[in-house]
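Enquirer: coords please:
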Amino acid sequence: MDNKLIYIADDDDNIRNLIKTFLEREGFNVIGFPTGDLLYERFKDTPCDMVILDVMMPGHDGIFILKEIRKTYSNLPIIMLTARDSDKDYILGLDSGSDDYLTKPFSPVKLVSRVKNIMKRHDEVIGATFDKSPDDYYMFADIKINKKTKQATLKDEPLQLTPNEYQLITYLIDNRNRAVPRAELLDKIWGYEFEVETRVADDTVKRLRKKIKDSDAEIKTVWSYGFRIVDKKEDKN
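Expert: Down below sits the predicted model:
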């Protein structure tokens, strides 16, 4: 896909090479690393278009590498891989700023699909959510978002959002006059065509609610359907 460069870090040679083979068949340029530390050293000199990180590796684990990358590249697509299937690892990966999270064993075809969808949607969601506003800043209740820097403030204080949280709140604000179905969020934010086996939308909403709990903005659940963002001062329901 347009010679997109992807870095993979996994200490399992077979898994790393299998992922590399499948992605290269789709036209991606792929470089594999046996550790996250080696990937990060290369990344500092030559950034890539996406990173795929195993959680458990020799040296620093994938979560550490993810956090280091996020310090300067907040919008880089990152997918985490792990052999452990636990809520703690799942939530930790998303909280640290990953765009997706797959548990081993996984289908290489599914991973490739996720990669292609994230690549396709990532820039679209960031760039398109504010097309209706000609201003550099977008306001909703007491939340202010800078369209150019992709930074948000709550009551003029920095609102620290992961890329998924940023994309979610901007999409909800842009569609504030209606309830947004979960399936639509999965499609537009994460690039899933169907409501597959993931809790990513609900978990991201939960974390986002905690971060804006002192705001006049509130994310309401529409039972068995999706979510809607409202201004508490204006909402009569």
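Enquirer: Low-confidence stretches in the protein?
Expert: 1-2, 84-95, 121-135, 191-198, 236-237 (pLDDT under 70).
Enquirer: Just give me the residue right at the centre of it.
Expert: Closest residue to the average C-alpha location of the chain: Asp99 at 2.7 Å, with Cα atoms, centre = their mean.
Enquirer: how close does it sit to Asp202?
Expert: When Cβ to Cβ, to the nearest Å is applied, the distance between Asp99 and Asp202 equals 16 Å. Every C-beta, even on glycine, is put in place using the N, C-alpha and C of the backbone.
Enquirer: again with Pro77
Expert: The spacing between Pro77 and Asp202, counted by Cβ to Cβ, is 21 Å.
Enquirer: rewinding a little: what's the distance between the residue nearest to the centre of the chain and Ile118?
Expert: Noted for Asp99: a distance of 6 Å to Ile118, by Cβ to Cβ.
Enquirer: Please apply the same query to Tyr40.
Expert: Look at Tyr40 and Ile118: by Cβ to Cβ, they are 20 Å apart.
Enquirer: Without its sequence neighbours, what residue ends up closest to Ser74?
Expert: With Cβ to Cβ, 6 or more residues apart in numbering as the measure, Pro163 is the residue that lies nearest to Ser74, at 6.0 Å, once sequence neighbours are left out.
Enquirer: before we move on, back to that, which residues do Asp99 and Ile118 both contact?
Expert: Applying Cβ atoms under 8 Å, 6 or more residues apart in numbering, one finds that Asp99 and Ile118 are jointly contacted by 77, 79, 190.
Enquirer: Return the subset of those residues lying in strands.
Expert: With strands identified by DSSP state E, the entries of these that belong to them are Ile79.
Enquirer: Adding distance to Ile169 and neighbour count, write the shared contacts of Asp99 and Ile118 out as JSON lines.
Expert: As requested, the shared contacts of Asp99 and Ile118 are exported to JSON lines (distance: Cβ to Cβ, whole Å; neighbours: other Cβ atoms under 10 Å):
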{"residue": "Pro77", "distance to Ile169": "18", "neighbour count": "24"}
{"residue": "Ile79", "distance to Ile169": "22", "neighbour count": "22"}
{"residue": "Trp190", "distance to Ile169": "15", "neighbour count": "23"}
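Enquirer: Looking at the shared contacts of Asp99 and Ile118, spot the one nearest Met56.
Expert: Nearest to Met56 among the shared contacts of Asp99 and Ile118 is Ile79, at 15.2 Å by Cβ to Cβ.
Enquirer: Quick check: that closest one touching Asp54?
Expert: No. The pair Ile79 and Asp54 fails to qualify as a contact (Cβ atoms under 8 Å) at a distance of 10.2 Å.
Enquirer: domain ranges for the chain?
Expert: Following the assignment in automatic domain parsing, the chain carries domains at 5-121, 129-231.
Enquirer: Tell me the spacing between Lys120 and Ile63.
Expert: 26 Å.
Enquirer: all helices of this structure, in order?
Expert: Read by DSSP state H, the chain holds these helices, from start to end of the chain: 13-25, 36-45, 62-70, 87-95, 108-128, 163-174, 182-185, 200-211.
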